[in-house]
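Enquirer: Here is my input; please provide its structure:
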Amino acid sequence: MDPTDAQTACFEAGIKFGSLYHQFAGTPVSPDSADSLSAAMEESIENQPHCRAVTVSVREDELADAIADGSADYTELTGRFIDVEIVIDYEGHEVVARMEMEDGYPLMRLADVRE
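Expert: Below is the predicted model of the structure:
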């Protein structure tokens with residue numbers, strides 16, 4: 001059985017999250033570079049097929065705390081420092097997927113699937 005268009009749209013959201021997370025995890029980030037890094041992440045993923053919008057929000061308090069606890073003026077990007085929303089548009093189906101911290105883990109999930 002072939003996947004439905006809605007299922008394919010959900011798959012596309014998963015592909016975008018995999019690209020975003022694994023491409024940028026470990027990138028050096030500081031309060032001064034956080035805005036430009038989030039813009040680069042958004043623009044990079046928006047280049048992919050069927051991606052209508054990407055929003056990356058840096059969790060500035062968590063970032064500042066991690067830097068204060070370390071010995072450098074930056075830290076490595078991990079999921080605990082960002083919230084992400086990705087909107088996919090595939091064959092008339094819109095999928096909204098989000099990554100947010102839940103119980104100390106950056107959880108990626110479908111938020112909405114619409115026709």
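Enquirer: and the lengthiest helix in the chain, which residues are buried?
Expert: Among all segments of the chain classified by DSSP state H, the helix with the greatest residue count is helix 5-24. Of the residues in helix 5-24, those scored as buried under the neighbour-count criterion (16 or more other C-beta atoms under 10 Å) are 6, 8-10, 12-13, 15-17, 19-21, 24. For glycine as for every other residue, the C-beta is placed from the backbone atoms N, C-alpha and C.
Enquirer: how near is A13 to Q7?
Expert: Distance of A13 to Q7, computed by C-beta to C-beta, to the nearest Å: 11 Å.
Enquirer: and T27, backbone torsions?
Expert: Geometry field for T27 lists phi and psi as phi -70, psi 130, criterion degrees, to the nearest 10.
Enquirer: Burial check on it, number of neighbours?
Expert: One way to gauge burial is a neighbour count; for T27, by other C-beta atoms under 10 Å, it gives 15.
Enquirer: Count the neighbours of the nearest residue to it once chain neighbours are set aside for me.
Expert: The spatial neighbour of T27 that comes closest, neighbours along the chain excluded (C-beta to C-beta, 6 or more residues apart in numbering), is L77 at 4.5 Å. Other residues near L77 come to 22 when the count uses other C-beta under 10 Å.
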